[in-house]
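**Q** Predicted structure and sequence below. I'll ask about it afterward.
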Amino acid sequence: MSLIDFTERHHDNPLEVVERVASTNGWSFERAGEDEITILVTGKWTDYQVSYTWMFDIEALHLACAFEFKVPERCRGEVQQLISLINEQLWVGHFDLWIKDGLVMFRHAMVLAGGLEPSNQQCQSVLSTALEACEGYFPAFQFVVWAGKQARAALDAAMFETSGEA
């Protein structure tokens, strides 16, 4: 196959793979257009709105997983400090605070340059990573927003694991 043949091949929209993953897991989803799909996932702590966006111009499949609560303005500085501490621990993806809306979300992108197509396993893996991060750190965000804790104390409390039996 020549380079011309490779670049002229028709590739499926990567969101079709994401749609199959959502269907397989029994999650409700909605296609907002050719370039976006939103999936609703029920977690242990809260519900998550997961949006995948196909960014055609940079050939990337972007995931944004938002929590079901807003951060009040009075807590935003401490939440940003918490996000910084959390992001230092993450190997893949990162958390952001969208100041305008006060929303915390986990974001990640798969670069599919050159016509690469994502597999079901890749899409499932990125989604699992997002949900695990959100579920794991959600209590820390709660401690800052609802209990007024400092970022470091909230993170330490949320990551505290007990072992054994009492």
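**A** Nice, I can see it.

**Q** use CA for all of it now, contacts and neighbours both
**A** Fine.

**Q** those helices in the chain, which residues are they?
**A** Taking DSSP state H as the test, the helices found in the chain are 3-8, 14-25, 76-87, 120-147, 151-159.

**Q** what about those, which gets the closest to A113?
**A** helix 3-8 (10.9 Å; C-alpha to C-alpha).

**Q** Look up the pLDDT of P14 for me, please.
**A** With respect to pLDDT, P14 scores 87.

**Q** Tell me which of the helices of the chain sits nearest to A64.
**A** The closest of those to A64 is helix 120-147. By C-alpha to C-alpha, the value is 8.3 Å.

**Q** pLDDT averaged over the closest one, what's the number?
**A** Averaged across helix 120-147, pLDDT comes to 93.

**Q** Who are the packing partners of the strand of greatest length in the chain?
**A** In the chain, assigned by DSSP state E, the strand with the most residues is strand 60-70. Under the contact definition 3 or more C-alpha pairs under 8 Å, 6 or more residues apart in numbering; DSSP states H and E, strand 60-70 sits against strand 47-55, strand 103-111, helix 120-147.

**Q** Export the ones you listed as CSV, with columns for mean neighbour count.
**A** Output for the helices and strands packed on strand 60-70, formatted as CSV (neighbours: other C-alpha atoms under 10 Å):
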stretch, mean neighbour count
strand 47-55, 20
strand 103-111, 19
helix 120-147, 18
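
**Q** ok so, going back, export the helices of the chain to TSV and tack on distance to I58?
**A** Output for the helices of the chain, formatted as TSV (distance: least, C-alpha to C-alpha, whole Å):
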stretch	distance to I58
helix 3-8	15
helix 14-25	13
helix 76-87	24
helix 120-147	18
helix 151-159	35
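
**Q** residue contacts, the residue nearest to L82 when sequence neighbours are not counted?
**A** Excluding the flanking residues, the one nearest L82 by C-alpha to C-alpha, 6 or more residues apart in numbering is A151, at 4.6 Å. For A151, the contact set (C-alpha atoms under 8 Å, 6 or more residues apart in numbering) comprises 78-79, 81-82, 85, 140, 144.

**Q** Kindly recompute the last result at 10 Å.
**A** Listed by C-alpha atoms under 10 Å, 6 or more residues apart in numbering, the contact partners of A151 are 77-86, 140-141, 143-145, 157.
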